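Enquirer: no sequence on this one, just coordinates:
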């Protein structure tokens, strides 16, 4: 009888072409791990990063090949559409930048090059799965595949206590977030009888009851939002962010602050705007409150910090609040504004982190503000990119950050959440206090005269190059924003938003 | 009414008699108790079964246990597929091969990194 039942099981049709970017990442991770086992210094220091870069380029090529595709693959588990493809490009670009930043990183030696780059690729594969997920199970698999390698990567500088602490903290808090999320997802499944996003939406609209009148669904949605909030570092679930960002090796911090954030917001967008979109009126106030709290907490928290990595951590919390505004309004304009800002945020944050990484290796001051004292006169080649990044993060006109914020404010006004737009403006005004503090430290003549010498002035052409490219892109997209508009246009329609 | 409980009562009585007699007979007929400490323990190898706070054990135990879970899971997945392979068809076979290959990569990794050597 069991055998009779089993004969009805059919293999799902797999569209290998559309699935190929994720397959490429996973195969690359496996190959890099095996290459890392080969003996020899050259293998470790050149072939392993080289293979990682090749994997990322192959993924990029396959993503571009699938550009314009809009399908569901593997029995509706994954969606290949504009949203996931744009974010794939963001992940691959971040991955490439992280590989370049990691080339001289101590963590890669201590953890082993093969392991380090494999974990990086595995985490990227998790991100690609996550942003394409349109099924609760795929969502959870993606989020775990993203997180578990990151826990290890945070602790990859094995001989520095702070790095281990960061890894452990992230593991404990990340697990709490995952557990909350999973608990919430099981409630949603219990309330709707479907793990599929479109199935959940259909169940909600056919029952004719609102989320608010269904305690099971309400609890589930609340817990899912909390769980995703942990991953996206949305206040009040952000407390781990400063400690983990400060303790992790800087290339990993930079990777987490942009790629993880992009992935978390990618799934946030898809879940809210596909699965529970009909109930937007119920959850909009909830997310609006979270966005408001996040903007205020992030910006105020950054004010008193003296470590640049901590400032950037708090700033990333605040930026998360801005990004959330585009989800609150639940419109195509809102989704595209969030996606636009994500792309811009990646570019400007990577510029800032390249300078932090360069400075950390040049001085003995680590990532403290004093490492940047007098940088303007001594190393303008680093000071100028950092200044551009700070101004762009603050949203000064003629930088990409300004256009991004303009879009978000525009979307919030159109979506009847004008007060959130006002809050973005107020938040940006507060943020000037800490972004400009970094700029001031770099350019103001140092009265105390304790600005650090460039103790280890070995050339780091690749990091300086990154800083220049990213900051140039920040200015370029601030003046000519249309390439990014073209990139994100249609993302809202592709998942069925008006 | 009470008679419906009779089988249960008989069962309990039999259990008490058989169990009790084994315990008593073992005491009377069995060899004198060994003074060796190990035989008093539930397991005669591995970690002591009673540990105090602050007890430290080798990380190798942990490592091996973790690797064991990995390959344990492999078997858990392979059994049902092996039983129903005909019904599931080629797709399941290919999926299983992918799964086993990935686990083999993991195995090669732990082997080459020396995680299987007892330190």
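Expert: Alright, I've got the coordinates. Just so we're clear, the structure is a prediction, and the values are computed from it rather than from any experiment. Residues are numbered from 1 along each chain as shown, chains lettered A, B, ... in the order given.
Enquirer: What count of nearby residues applies to residue A:198?
Expert: 16 (other CB atoms under 10 Å in any protein chain shown). All C-beta atoms are positioned from the backbone trio N, CA, C, and that covers glycine.
Enquirer: my read: it touches residue A:277, true?
Expert: No - contact criterion CB atoms under 8 Å: residue A:198 and residue A:277 do not qualify, at 10.4 Å.
Enquirer: How far off centre is the helix-or-strand element of chain B with minimal mean pLDDT?
Expert: Within chain B, no helix or strand scores below helix B:85-88, which has a mean of 80 by mean pLDDT, DSSP states H and E. Offset of helix B:85-88 from its chain centre (CA atoms, centre = their mean, to the nearest Å): 30 Å.
Enquirer: Packing partners of that helix?
Expert: helix A:2-6 (3 or more CB pairs under 8 Å, 6 or more residues apart in numbering or on different chains; DSSP states H and E).
Enquirer: What's the first helix or strand after the helix it packs on?
Expert: From helix A:2-6 onward toward the C-terminus, using DSSP states H and E, the following helix or strand is helix A:16-35.
Enquirer: what about residue A:322, how many neighbours?
Expert: A total of 29 residues lie near residue A:322 under the criterion other CB under 10 Å.
Enquirer: right, and it touches residue A:431 too?
Expert: No - when contacts are counted by CB under 8 Å, residue A:322 is not listed as touching residue A:431 (9.9 Å).
Enquirer: Show me which residues of chain B are close to chain A?
Expert: Applying CB under 8 Å from any CB of the partner chain, one finds that chain B approaches chain A through B:84, B:86-92, B:102, B:105, B:108-109, B:112-113.
Enquirer: at 6 Å what do you get?
Expert: Within reach of chain A by CB under 6 Å from any CB of the partner chain, chain B has these residues: B:84, B:87, B:88, B:91, B:105, B:109, B:112.
Enquirer: Mind checking which of the residues you listed are buried?
Expert: Buried members of those, scored by 16 or more other CB atoms under 10 Å in any protein chain shown, are B:84, B:88, B:109.
Enquirer: Going by distance to residue A:438, which of the residues you listed wins?
Expert: Nearest to residue A:438 among those is residue B:109, at 42.1 Å by CB to CB.
Enquirer: ok, that closest one - contacts?
Expert: Counting by CB atoms under 6 Å, 6 or more residues apart in numbering or on different chains, residue B:109 makes contact with residue A:33.
Enquirer: where does residue 69 fall, helix, sheet strand or coil?
Expert: Since no chain was named, I'll use chain A. Using DSSP: H, G, I helix; E, B strand; the rest coil, the secondary structure recorded for residue A:69 is coil.
Enquirer: Switch to chain B, please.
Expert: helix.
Enquirer: and the gap between residue A:29 and residue A:324?
Expert: 31 Å (CB to CB, to the nearest Å).
Enquirer: And the pLDDT for residue B:91?
Expert: On pLDDT, residue B:91 comes in at 83.
Enquirer: do residue A:347 as well
Expert: For residue A:347, the model assigns a pLDDT of 94.
Enquirer: In contact with it, which residues?
Expert: Counting by CB under 6 Å, 6+ apart, residue A:347 has contacts A:470, A:473, A:474.
Enquirer: can we see that at 8 Å?
Expert: Taking CB atoms under 8 Å, 6 or more residues apart in numbering or on different chains, we find residue A:347 in contact with A:400, A:470, A:473, A:474, A:477.
Enquirer: and it, what element?
Expert: Going by DSSP H and E, residue A:347 is in helix A:332-362.
Enquirer: Tell me which stretches of the stretch 51-200 of chain A form helices.
Expert: Using DSSP state H, counting those that start in this stretch, the helices of the stretch 51-200 of chain A run over A:82-102, A:106-111, A:113-132, A:136-154, A:161-192, A:197-207.
Enquirer: Mean pLDDT added to those helices, as a markdown table?
Expert: Listed next are those as a markdown table, based on pLDDT from 0 to 100:
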| stretch | mean pLDDT |
| --- | --- |
| helix A:82-102 | 94 |
| helix A:106-111 | 86 |
| helix A:113-132 | 95 |
| helix A:136-154 | 95 |
| helix A:161-192 | 94 |
| helix A:197-207 | 86 |
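Enquirer: residues contacting residue A:274?
Expert: Counting by CB under 8 Å, 6+ apart, residue A:274 makes contact with A:134, A:197, A:198, A:201, A:495, A:496.
Enquirer: could I get those residues as TSV with distance to residue A:297?
Expert: Rendered in TSV, the data for these read as follows (distance: CB to CB, whole Å):
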residue	distance to residue A:297
A:134	31
A:197	30
A:198	35
A:201	32
A:495	30
A:496	33
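Enquirer: pLDDT weak spots in chain B?
Expert: Applying pLDDT under 70 to chain B flags residues B:1, B:33-42, B:44-49.
Enquirer: one more time with 50, if that's ok
Expert: Residues of chain B meeting the criterion pLDDT under 50: none.
Enquirer: before we move on, back to that, counting neighbours, which of the contacts of residue A:347 comes out on top?
Expert: Neighbour-wise, the contacts of residue A:347 (other CB under 10 Å) top out at residue A:400, 28 neighbours.
Enquirer: what residues are up against that one?
Expert: By CB under 8 Å, 6+ apart, residue A:400 lies in contact with A:344, A:347, A:348, A:392, A:473, A:474, A:475, A:476, A:477, A:478, A:481, A:484.
Enquirer: Next, format those residues as a markdown table and append secondary structure.
Expert: Formatted as a markdown table, those follow (three-state DSSP):
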| residue | secondary structure |
| --- | --- |
| A:344 | helix |
| A:347 | helix |
| A:348 | helix |
| A:392 | helix |
| A:473 | helix |
| A:474 | helix |
| A:475 | helix |
| A:476 | helix |
| A:477 | helix |
| A:478 | helix |
| A:481 | coil |
| A:484 | helix |
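Enquirer: ok, so of these, who is nearest chain B?
Expert: For chain B, the closest of the contacts of residue A:400 turns out to be residue A:347, at 34.8 Å, with distances computed as CB to the nearest CB.
Enquirer: How much space separates that closest one from residue A:470?
Expert: To residue A:470, residue A:347 is 6 Å away according to CB to CB.
Enquirer: repeat for residue B:75
Expert: Noted for residue B:75: a distance of 49 Å to residue A:470, by CB to CB.
Enquirer: any idea where the helices of chain B begin and end?
Expert: Secondary structure of chain B (DSSP state H): helices located at B:6-29, B:59-83, B:85-88, B:90-112.
Enquirer: Compare those helices and give me the one nearest residue A:334.
Expert: That would be helix B:90-112 among the helices of chain B, by CB to CB, at 39.2 Å.
Enquirer: chain center to that closest one, what's the gap?
Expert: Remark: helix B:90-112 is offset 24 Å from the chain centroid, using CA atoms, centre = their mean.
Enquirer: Quick check: buried residues in it?
Expert: Buried residues in helix B:90-112 (16+ other CB under 10 Å): B:92, B:96, B:103, B:106, B:107, B:109.
Enquirer: Then stretch A:176-186?
Expert: A:177, A:178, A:180, A:181, A:182, A:184, A:185, A:186.
Enquirer: so how far is that stretch off the chain centroid?
Expert: 20 Å.
Enquirer: can you list contacts of it?
Expert: Around stretch A:176-186, the neighbours that count as contacts under CB under 8 Å, 6+ apart are A:136, A:139-140, A:143-144, A:147, A:195, A:219-231, A:237.
Enquirer: Ok, stretch A:16-29 next?
Expert: With contact meaning CB under 8 Å, 6+ apart, stretch A:16-29 is reached by A:51-52, A:54-56, A:58-59, A:62-63, A:65-66, A:69, A:71, A:73-74, A:78, A:80, A:88, A:118, A:121-122, A:124-125, A:128-129, A:132.
Enquirer: Averaged pLDDT, that stretch. What do you get?
Expert: The average pLDDT for stretch A:16-29 rounds to 93.
Enquirer: If you count neighbours, what's buried in that stretch?
Expert: Residues of stretch A:16-29 classed as buried under the neighbour-count rule (16+ other CB under 10 Å) are A:18, A:19, A:20, A:21, A:22, A:24, A:25, A:26, A:27, A:28, A:29.
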